[in-house]
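Visitor: this is a predicted model, with the sequence first.
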Amino acid sequence: MRLLTRRSVARALTARQFRPFITNAAYRLAQKAMPKMSETEKVALGCGTVGFDRAIFGGSPSLDHLLQTYKPALTDEETAFLANETEELCRLLNDHDVSVNKDMPAEAWDYMRDKGFFAMKIPKEWGGKGFSTMAVSSVLAKLGSHCFDANATVAVPNSLGPGELLVRYGTDEQKGYFLPRLADGTLIPCFGLTGPHSGSDATSLIGSHGVVEKRGGELGVRATFNKRYITLAPVAGVVGIGLDLKDPQGLLAGSGSEGFTVALLERGHEGLRMGPRHMPLNAAFMNGTVEGEDVWVPMASILGGQQRCGFGWHMFVEALAEGRGVSLPAGAVGAARTVSCAVGAYSRIRKQFRVPIAEFGGIQEALARAGRESYAVVAGVELMNAIVDNHEAPMVLSSIMKQSCTERGRRVVQDGMDILGGAGICRGDMNFVGNMYMSMPVAITVEGANIMTRSFQIIGQGLTRCHPHMLPLISALQSTEADAPDKFRSQFVKMLGHVFSNLGYSLSRGLGATVSSMSRSSSAYKDGDALIRHHEAQLKRLSANFAFASDLALLLGGRLKFEELLMGRLADAMGAIFLGYATLHHFSRNKDAVAGLNALAESTMLQLEHEAQTALREAAANFPQPLGAFGGFLMAAGVAPLGELMRPYRMPSDALTKEVAKMLTTPTAVHEMFAENVFVNADTRVAALLKAMPVVVEADTVQAMLKKTKREPTEEESALLQRAAELRDQLVQVDVHEAVGAPEHQEGYTRPAIVSTLRRQHGGTIAFSQQAQATS
């Protein structure tokens, strides 16, 4: 017995002594595989917040948590501002005139300044509106439904303009001087970050730098900067400029540091040049350059003062979460609502072959696609607004919102253009989609190009910031403390537990989801509660699939940072999952109030589930080296071990597509839902279409009844049919211009082709009709 005890103790001691050897070896191996993290990346990981994005990476998100935590709402004051001031601003703007003149009228500029459109996020104590994120988003969406340039103009001061940065980080003197002037419209703000050699990598600040110096005993910065693509720069009264600060003489003396620093300069500051404009496609919003060489910036003009030197990245990242996640998606909502309600109405009004084009299968396909994309955008924006209003700044979710909503918005507008045909191409007052179509690439490009956001940022940040165990693991690997290997071992064990837990969920939920999807009736969605239960189960399954696939991607180590095709596909899956939860969040809150919403929600969920399924399948099929096909096998085995049998998600059926399209082309609650917060209270084509749709629908019903009963219309019916015919004739017209372009507006101008024709006739050739008459 004693011998056995001694042997047991000996084995335990040996194992205890051997364990540090294994841990240290694994620790060193992991350190070699882990790429060196830059200071910028380290700072980024410490900025913003995590919440629902972490739940997705954890593999078990909760719809109930979303419903209990995030409840989008407007105050009475915010609702009144939308109904009055925002409506009035829209009335002051003619979208076509703005695009032709490449500026808004003076009356509109003064109205925006006087009514606080540039100060919606500035607290009331400083003279601002103090509005919620939901309110700002709603204002931007309504402006976007009518005039994209107004949307862009109002968005910047309420997102990346220095106003909110001043509120959070400014010194008392800076707040006291700038915030009242920003609030009353005296100063229009802008933010200068992007340069010729720093686009999506804006924080590299190439070409924009500063050196700490002393002049006449005063501490300051000698700055040189070259910024472009700066919205509002041509008219701004104050600009925040991002600089890469150096302190070679150590003059900061521990108060502040080198690195990304923001300078606040007013127009007219010596050496500051603002005014030249870019021409972003056909857009008219002010966008241009900010330049200066060896500009002296007193330390008092550094945002936050000397102690905030080197703190600019923190400021930028936290403000960017709102700019990317709120302002740009709000513009997509404006476009999506307009297309869904107004193009839907046009499809019912426009006839070809004596039939409303709304009855054509191709039109129904495009309309239903636009409708479900629009619903995903609307739902995502409402949820994201509520998240930000809950004092969260989720960097990963904001990136998903920016990339996914602007891309979906572009597709919605493209479908709208295809349906409108010539009415969408011919520019003028009657065209309500053309300028949207030409402006969407701007939203795709700004604040981090969508290509970069999708293929690098979402998963690159998500895996490190939102994964339940990755950040502590990285911290252990970066640590130089003696107990770092032990901390690494602890986190590594937790990581393995997370992997196998997600594998178990992925397999068990996958089997259940496959059976429920394959056995589900095509009409099951008509029960709203059953719809929610079914699709939440599918999203939980897909979340577990995604979490397991993300864990496997970590096997690539440092190479993952360069495998952007894989990260892009994982980003597609995560984006579809998040928007799926957002859609259920919206549907759960509105299903009883909006008749027919079940069909739209079902159609949207089917597409999003199919998107996530496809992205995960392609990720496994193209898993990169060095694991290659083996890595793909592991991913496919964990996500869908029975292959296509466990990939049950399909796009909406034709019957569902027709049902959704019909709701968008007839007076329904779903059509009214999309028309909410669209500017219609004026003599615009959108307003005319929405007013005419019920008339032509009633007229078509009467016409069909007359044909069926083979009788003549009554006097009242004849008047209705005549009215519908007049409306149809009126609303299919397009703009015609006597003169197009500056030369044609000049007195006495003749088009060169006509001049050439006259010259080639040598002045003596008579017209054919005259010649024929002379010879007869």
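Guide: Nice, I can see it.
Visitor: where does pLDDT dip in the stretch 151-300 of the chain?
Guide: Counting by pLDDT under 70, the ranges of the stretch 151-300 of the chain that qualify are 202-203.
Visitor: tell me where it has helices.
Guide: Along the stretch 151-300 of the chain, counting by DSSP state H, counting those that start in this stretch, helices occupy 162-169, 172-183.
Visitor: mean neighbour count, the ones you listed: which tops it?
Guide: Sort those by mean neighbour count, taking mean count of other CB atoms under 10 Å, and helix 162-169 sits at the top with a mean of 23. Any C-beta I mention is one placed from the backbone N, CA and C, and that applies to glycine too.
Visitor: quick one: distance of that helix to the chain centre.
Guide: 23 Å (CA atoms, centre = their mean, to the nearest Å).
Visitor: show me what contacts His585?
Guide: For His585, the set of contacting residues under the criterion of CB atoms under 8 Å, 6 or more residues apart in numbering consists of 63, 66-67, 70, 379, 382-383.
Visitor: what's the most distant pair in those?
Guide: Pairwise distances across the contacts of His585 peak at 14.5 Å for Leu63 and Glu382 (criterion: CB to CB).
Visitor: give me the more crowded residue out of those two.
Guide: Each of Leu63 and Glu382 had its neighbours counted (other CB atoms under 10 Å), and the higher figure belongs to Glu382 (23 against 18).
Visitor: pLDDT weak spots in the protein?
Guide: Counting by pLDDT under 70, the chain shows low-confidence ranges at 1-26, 32-46, 202-203, 318-319, 321-322, 763-766, 768, 772, 776.
Visitor: do that again at 50, thanks
Guide: When the per-residue scores of the chain are filtered using pLDDT under 50, the ranges that remain are 1, 3-4, 9-10, 12-18.
Visitor: show me what the top helix by length along it is packed against.
Guide: Counting by DSSP state H, the longest helix found in the chain is helix 484-519. The elements that helix 484-519 packs onto, with contact taken as 3 or more CB pairs under 8 Å, 6 or more residues apart in numbering; DSSP states H and E, are helix 2-33, helix 470-478, helix 528-553, helix 628-639.
Visitor: distance from that helix to the middle of the chain?
Guide: Once both centres are worked out by CA atoms, centre = their mean, helix 484-519 turns out to sit 30 Å from its chain's centre.
Visitor: for that helix, buried residues please.
Guide: For helix 484-519, the buried set under the neighbour-count rule, 16 or more other CB atoms under 10 Å, comprises 484-492, 495, 498-499, 501-503, 505-507, 509-510, 513-514, 516-517.
Visitor: ok, stretch 572-592 next?
Guide: Of all the residues in stretch 572-592, those buried under the rule 16+ other CB under 10 Å are 572-589, 591.
Visitor: please apply the same query to stretch 448-465.
Guide: Counting neighbours by 16+ other CB under 10 Å, stretch 448-465 gives 448, 450, 452-465 as buried.
Visitor: among those, which are in helices?
Guide: Helix and strand membership here follows DSSP H; of these, those in helices are 450, 452, 458-465.
Visitor: I'd like those residues as a markdown table, with distance to Ser398 appended.
Guide: As requested, these are arranged in a markdown table below (distance: CB to CB, whole Å):
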| residue | distance to Ser398 |
| --- | --- |
| Asn450 | 13 |
| Met452 | 14 |
| Ile458 | 10 |
| Ile459 | 14 |
| Gly460 | 14 |
| Gln461 | 10 |
| Gly462 | 12 |
| Leu463 | 16 |
| Thr464 | 16 |
| Arg465 | 12 |
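Visitor: would you check which pair of those residues lies furthest apart?
Guide: Across these, the longest distance by CB to CB is 21.1 Å; it joins Asn450 and Thr464.
Visitor: check the gap between Val680 and Lys487 for me.
Guide: Here Val680 is placed at a distance of 60 Å from Lys487 (CB to CB, to the nearest Å).
Visitor: buried stuff in stretch 407-422?
Guide: By neighbour count on 16+ other CB under 10 Å, the buried set for stretch 407-422 is 407-417, 419-420.
Visitor: give me the subset of those lying in helices.
Guide: Among the buried residues of stretch 407-422, the members that lie in helices (by DSSP H) are 407-417, 419-420.
Visitor: and the gap between Gly504 and Leu539?
Guide: Gly504 is 18 Å from Leu539, where distance means CB to CB.
Visitor: out of the buried residues of stretch 448-465, which is nearest to Met673?
Guide: Within the buried residues of stretch 448-465, the smallest distance to Met673 is 27.3 Å, found for Asn450 (CB to CB).
Visitor: for that closest one, what are its contacts?
Guide: With CB under 8 Å, 6+ apart, Asn450 has these contacts: 402-403, 406-407, 444.
Visitor: and the residues you listed, which is closest to Gly325?
Guide: Taking CB to CB as the measure, Lys402 is the one of the contacts of Asn450 closest to Gly325, at 6.4 Å.
Visitor: and the closest one, how close does it get to Ala330?
Guide: For Lys402, the distance to Ala330 (CB to CB) stands at 11 Å.
Visitor: pairing partners for the longest strand along the chain, with directions?
Guide: The single longest strand within the chain, with elements called by DSSP state E, is strand 218-231. Strands flanking strand 218-231 in the sheet, each with its direction: strand 209-215 (antiparallel), strand 287-298 (antiparallel) (DSSP bridges).
Visitor: turn the ones you listed into JSON lines, columns for mean neighbour count and distance to Lys710.
Guide: What follows is these, written out as JSON lines (neighbours: other CB atoms under 10 Å; distance: least, CB to CB, whole Å):
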{"stretch": "strand 209-215", "mean neighbour count": "17", "distance to Lys710": "84"}
{"stretch": "strand 287-298", "mean neighbour count": "19", "distance to Lys710": "63"}
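Visitor: so for Ala141, which of those sits nearest?
Guide: Between Ala141 and the strands paired with strand 218-231, the tightest spacing by CB to CB is seen for strand 287-298, at 21.0 Å.
Visitor: off-centre distance for the closest one?
Guide: In terms of CA atoms, centre = their mean, the gap separating the centre of strand 287-298 from the centre of its chain is 30 Å.
Visitor: start at 10 instead
Guide: I'll keep to 10 as the first residue from here, and by that count the last item is strand 296-307.
Visitor: in ChimeraX, how would I select the buried members of the contacts of His594?
Guide: In ChimeraX, the members of these classed as buried (16+ other CB under 10 Å) are selected with the following command:
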select :72,75,79,388,391,392
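Visitor: which ones among the contacts of His594 are found in helices?
Guide: For the contacts of His594, the ones inside helices are 72, 75-76, 388, 391-392, with DSSP H as the criterion.
Visitor: who wins for neighbours among the contacts of Asn459?
Guide: The most crowded member of these is Lys411, carrying 31 neighbours; neighbours defined as other CB under 10 Å.
Visitor: helix/strand/coil for the closest residue to Val706 other than its chain neighbours?
Guide: Taking CB to CB, 6 or more residues apart in numbering, and ignoring the residues beside it in sequence, Val706 has Thr675 as its nearest neighbour in space, at 5.6 Å. Assigned with DSSP: H, G, I helix; E, B strand; the rest coil, Thr675 falls in the coil class.
Visitor: these two touch, right, Thr675 and Ser356?
Guide: No - taking CB atoms under 8 Å as the definition, Thr675 is not a contact partner of Ser356, at 10.1 Å.
Visitor: the more surrounded of these two?
Guide: Regarding Thr675 and Ser356, a neighbour count based on other CB under 10 Å identifies Ser356 as having more, with 25 against 17.
Visitor: tell me what the strand or helix carrying the more buried one is packed against?
Guide: Using DSSP states H and E, Ser356 sits within helix 353-358. In terms of contact count using 3+ CB pairs under 8 Å, 6+ apart, helix 353-358 is assigned the packing partners strand 364-365, helix 370-398, helix 404-429, helix 678-684, helix 694-718, helix 724-740.
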